[in-house]
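Enquirer: Sequence and predicted model, in that order:
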Protein chains: 2
Amino acid sequence: MSQTFPSLADIKAAHARIKPFIHRTPILSSTAINEIAGCEIFFKCENFQKVGAFKARGAANAVVKLTEEQKSKGVATHSSGNHAAALARAASVAGIPSYIVMPSNAPEIKKKAVKGYGGEIIECEPNLKARETTLEAVVAKTGATFIPPYDFMDVIEGQATCVLELLEDQPNLDIIMAPVGGGGLLGGTALTTHYLSPKTEVIAGEPAGADDAFQSFQAGKIIPQSRPNTIADGLLTSLGVLNFELIQNYVADILLATDPQIIEAMRLIYERMKIVIEPSCAVPLAALLANQDRFAGKKVGIILSGGNVDLGKLPF
Amino acid sequence: MSQTFPSLADIKAAHARIKPFIHRTPILSSTAINEIAGCEIFFKCENFQKVGAFKARGAANAVVKLTEEQKSKGVATHSSGNHAAALARAASVAGIPSYIVMPSNAPEIKKKAVKGYGGEIIECEPNLKARETTLEAVVAKTGATFIPPYDFMDVIEGQATCVLELLEDQPNLDIIMAPVGGGGLLGGTALTTHYLSPKTEVIAGEPAGADDAFQSFQAGKIIPQSRPNTIADGLLTSLGVLNFELIQNYVADILLATDPQIIEAMRLIYERMKIVIEPSCAVPLAALLANQDRFAGKKVGIILSGGNVDLGKLPF
């Protein structure tokens, strides 16, 4: 490994550190889905997490670890998704300012969430270049610390606490699945599983319409995502460098799911489990159902990553 | 009381009897909703119940209590809603036939649920008269026992087990709320609460567009529902006779909610709690939010009655 990744003790310390600021989310099962899938699935419900997504973990960990000097100047990031809300909330809980650079076309509901948590929104043109230069300007002006959404050790360490809880509540899993976008959740999941339950395979689910992690995994080098096209709007970004190293070392496989498969898995979860998830969150179950033979009779943990969805735009 | 209603011991016996066939559903809270409501709410999540509604309790209790002779001939009912699926499932678990009379215009999803649980559907014209005569014919032909959806002692006894769990997990509630349609859940809830926690007020939520329980409660006699007009499609029926007697004796008040208020409460539960509920299920919270002063600072238990909703027709 070219980097020093968090140890198991580090991840446990992170868990203790963020415990007051996050929910210990429940693990749910559905007899009906197990019958359909032909295996036994344990869903770790991060859709019930604070801010409605696992991102609350990484953001809380990164904020709590700041020095007092850093805290006094606040935190900043660019994001139009769950990391924005998670960072704004973590900052608000810590009593420090947060500056969130968001594209001008970000959904109103996402802006509302950030404002609701007391974050200051700085709008920019809807492209990566504008986001980066606007963020640089904000950091230069305020002295705030940039907390990246996934390619950042403290964030990965925070996301790694999720599977710590899953394996505590449900040991002896044959397989653990997580979705992959930037790779923060998947990287953290793979790392903790490697420490705690090395016999458990970690398998990612990725949308076929944004398959840079799959391509990178096959090629053995990062192949950036170009022109993603999928309903799974939380998984559009390219893989992070740190995350890719974890994935190469500790992830057994990356399986793809098409958008119709993602929508069908999403519907199954709504109808059979009566819980609200966002499309990205359905990707691991969709990938499992598209590859049932591989999971036949196994005990499978699936991390349900989040539940922030525009209810007016459900795909069914 | 003109009738002999179940005793507390009866209700506890019913709970023990149906335990193998139902879920002990969780109680969830939402800080965000508490802040909006100005009180502390404990949601008893019967949307996670078997068949997705509290109706699983009453149907299971009625079926398990049948004699062997009765069981051999099966059960029958007329219903286009959750009772149909609940009875079909209870019968299927008991290994006996079920005959479900459904109006020809019943939603495909409801028919699918009944068939999925092994129920035999007998279609009829979509009016009460046709439902009743078709049911009579089915009973005459098969010898099956008619299990009514709410105006029936064994069903009320089964529904009464829900608040038994709620009060066990969360004693010292100031108020308990349930929706009211036919009154099976409300009657059972009021009865158990009267026994276990007489200081706790039981308050019903009812749609303003189907307010026969409110009218009857005010008038002191049953005023049948005529031309109901509300999104809360599980609460359209008239109050049952047994249920009305329980309501007159043990319910403190019935509060109304308009359809826009019901939809807003439904949205709050989806967005903040990330769970799927049907419109009828949102009525108590809607009624609470429309009468906030009355609940200020109180500890309130709300029974979330069910989660069977056509996802393609969500009102937002």
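Expert: Great, that's in hand.
Enquirer: C-terminal to whichever strand or helix holds residue A:243, what's the next element?
Expert: Following DSSP states H and E, one finds residue A:243 within helix A:241-250. As assigned by DSSP H and E, the chain's next helix or strand after helix A:241-250 is strand A:253-257.
Enquirer: Let me see the ranges of the strands in the stretch 151-300 of chain A.
Expert: Per DSSP state E, counting those that start in this stretch, the stretch 151-300 of chain A carries strands over the ranges A:175-179, A:201-207, A:253-257, A:299-304.
Enquirer: wait, does the last one make contact with chain B?
Expert: In other words, strand A:299-304. No: between strand A:299-304 and chain B, judged by C-beta under 8 Å from any C-beta of the partner chain, nothing touches; the nearest distance is 9.6 Å. Just so you know, the C-beta spots here come from the backbone N, C-alpha and C atoms, and that holds for glycine as well.
Enquirer: Neighbouring strands of that strand in the sheet, and parallel or not?
Expert: strand A:40-45 (parallel), strand A:175-179 (parallel) (DSSP bridges).
Enquirer: again, but for the second one
Expert: On the basis of DSSP bridges, the sheet neighbours of strand A:201-207 come out as strand A:175-179 (parallel), strand A:253-257 (parallel).
Enquirer: Report the angle between it and helix A:241-250.
Expert: Strand A:201-207 and helix A:241-250 meet at an angle of 130 degrees, taking axes from the mean of the first three to the mean of the last three C-alpha atoms, to 10 degrees as the criterion.
Enquirer: Spit out the contact partners of the closest residue to chain B within the stretch 51-200 of chain A.
Expert: Residue of the stretch 51-200 of chain A nearest chain B, by C-beta to the nearest C-beta: residue A:52 (6.2 Å). By C-beta atoms under 8 Å, 6 or more residues apart in numbering or on different chains, the contact set of residue A:52 is A:82, A:85, A:306-308, B:274.
Enquirer: Which residues are in contact with the residue of the stretch 1-150 of chain A found nearest chain B?
Expert: Closest contact between the stretch 1-150 of chain A and chain B, by C-beta to the nearest C-beta, is at residue A:47 (4.8 Å). Neighbouring residues of residue A:47 by C-beta under 8 Å, 6+ apart: A:53, A:275-278, A:281, A:304-307, B:274.
Enquirer: I figured residue A:298 hits residue A:172, correct?
Expert: No: look at residue A:298 against residue A:172 with C-beta atoms under 8 Å: they stay out of range, at 10.8 Å.
Enquirer: More neighbours: which of the two?
Expert: residue A:298 (16 against 9; other C-beta atoms under 10 Å in any protein chain shown).
Enquirer: Backbone dihedrals for that one, please?
Expert: Residue A:298 adopts backbone torsions of phi -80, psi 160, taken as degrees, to the nearest 10.
Enquirer: cool, and the one 10 residues further on?
Expert: Residue A:308 adopts backbone torsions of phi -90, psi 100, taken as degrees, to the nearest 10.
Enquirer: What count of nearby residues applies to it?
Expert: 26.
Enquirer: Look up phi and psi at residue A:98.
Expert: phi -130, psi 140.
Enquirer: ok, the spatially closest residue to it that is not a sequence neighbour - contacts?
Expert: Once flanking residues are discounted, residue A:98 sits nearest to residue A:91: 3.6 Å by C-beta to C-beta, 6 or more residues apart in numbering or on different chains. By C-beta under 8 Å, 6+ apart, residue A:91 lies in contact with A:63, A:74-75, A:97-98, A:117-119.
Enquirer: Just the ones in strands from those, please.
Expert: A:75, A:98 (DSSP state E).
Enquirer: I'd like the contacts of residue A:91 laid out as JSON lines, including pLDDT and neighbour count.
Expert: Output for the contacts of residue A:91, formatted as JSON lines (pLDDT from 0 to 100; neighbours: other C-beta atoms under 10 Å in any protein chain shown):
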{"residue": "A:63", "pLDDT": "98", "neighbour count": "28"}
{"residue": "A:74", "pLDDT": "98", "neighbour count": "22"}
{"residue": "A:75", "pLDDT": "98", "neighbour count": "27"}
{"residue": "A:97", "pLDDT": "98", "neighbour count": "19"}
{"residue": "A:98", "pLDDT": "98", "neighbour count": "26"}
{"residue": "A:117", "pLDDT": "93", "neighbour count": "21"}
{"residue": "A:118", "pLDDT": "94", "neighbour count": "15"}
{"residue": "A:119", "pLDDT": "97", "neighbour count": "26"}
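Enquirer: gap between the helix or strand bottoming out on mean pLDDT in chain A and the chain center?
Expert: The weakest-scoring helix or strand in chain A, judged by mean pLDDT, DSSP states H and E, is helix A:108-116 (a mean of 88). Distance, stretch centre to chain centre, for helix A:108-116: 19 Å (C-alpha atoms, centre = their mean, to the nearest Å).
Enquirer: Shouldn't the residue of the stretch 1-150 of chain A closest to chain B be within a helix?
Expert: Yes: checked against DSSP: H, G, I helix; E, B strand; the rest coil, residue A:47 lies within a helix.
Enquirer: what's the closest non-adjacent residue to it?
Expert: Nearest to residue A:47 is residue A:307, by C-beta to C-beta, 6+ apart, at 3.1 Å.
Enquirer: My read is that that neighbour contacts residue A:54, right?
Expert: No: at 10.6 Å, residue A:307 does not count as touching residue A:54 under the criterion of C-beta under 8 Å.
Enquirer: check contacts around the residue nearest to residue A:47.
Expert: A:47-48, A:52-53, A:275-278, A:281, B:274.
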